[in-house]
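**Q** fold the following for me, if possible:
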Amino acid sequence: MPQSLSAVYVHLVFSTKERVPFLRHKTIRDSLHPYLGKISKQLGCAPIITGGVEDHVHLLARFGRTITQAEWVKELKRVSNLWLQNKYSLQDFAWQGGYADFSVSASNLETVKKYIANQKCHHRKMNFQDELRALLRRHEVDWNERYIWD
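**A** As a prediction, the model looks like this:
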């Protein structure tokens, strides 16, 4: 086949360091989420939806063919970290060291989009840590509680 084609969808989740609610102001989130989408697009990973609440972010994207997951996340965090520190004077701001990402089938895109869009409502009932544990269980990912939080 002379042409390389790909349709890989990824649901990425990462939080602020120690889940500090740096993103509690709607103004910050309303500018951060599209900014993360812009960074992702520049990295060749077309954003579908970005959302989250005061202490974490969800990003659903069509993953690019020329970048690794680790490079994608590293750049998303690095660029947005600097941007948040400069634009909002959040000098103490930091993202957590790790992340979780999950494959999404094309038939499940609408469900994941709704899930990300409804983060505010969802988190009235569940905190980030319980949400991540549930996602890890749903995707059958093994984890060690000692090493997952920073």
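**Q** strands along this protein, start to end?
**A** Listed in chain order, the strands of the chain (DSSP state E) span 8-15, 46-53, 56-63, 100-104.
**Q** turn these into TSV, columns for distance to Asn144 and mean neighbour count.
**A** (Glycine included, C-beta is placed from N, CA and C.) Listed next are the strands of the chain as TSV, based on distance: least, Cβ to Cβ, whole Å; neighbours: other Cβ atoms under 10 Å:
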stretch	distance to Asn144	mean neighbour count
strand 8-15	17	20
strand 46-53	24	19
strand 56-63	20	23
strand 100-104	13	17
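**Q** can you say which of the ones you listed is nearest to Ile39?
**A** strand 46-53 (8.8 Å; Cβ to Cβ).
**Q** given that closest one, what are its sheet partners and their directions?
**A** Applying DSSP bridges to the sheet, strand 46-53 is found paired with strand 56-63 (antiparallel).
**Q** make a markdown table out of the strands of the chain and add mean pLDDT.
**A** Listed next are those as a markdown table, based on pLDDT from 0 to 100:
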| stretch | mean pLDDT |
| --- | --- |
| strand 8-15 | 97 |
| strand 46-53 | 97 |
| strand 56-63 | 97 |
| strand 100-104 | 96 |
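**Q** I'd like those laid out as JSON lines, including distance to Lys113.
**A** JSON lines is the format used below for the strands of the chain (distance: least, Cβ to Cβ, whole Å):
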{"stretch": "strand 8-15", "distance to Lys113": "10"}
{"stretch": "strand 46-53", "distance to Lys113": "5"}
{"stretch": "strand 56-63", "distance to Lys113": "6"}
{"stretch": "strand 100-104", "distance to Lys113": "9"}
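**Q** now stretch 114-130, how far from the centre of its chain.
**A** Stretch 114-130 sits 13 Å away from the centroid of its parent chain (Cα atoms, centre = their mean, to the nearest Å).
**Q** nearest to Ala94, out of the strands of the chain?
**A** strand 8-15 (10.4 Å).
**Q** so which of the strands of the chain gets nearest Gln129?
**A** Among the strands of the chain, strand 8-15 comes nearest to Gln129, with 8.9 Å by Cβ to Cβ.
**Q** how much does that closest one deviate in direction from strand 100-104?
**A** 150 degrees (axes from the mean of the first three to the mean of the last three Cα atoms, to 10 degrees).
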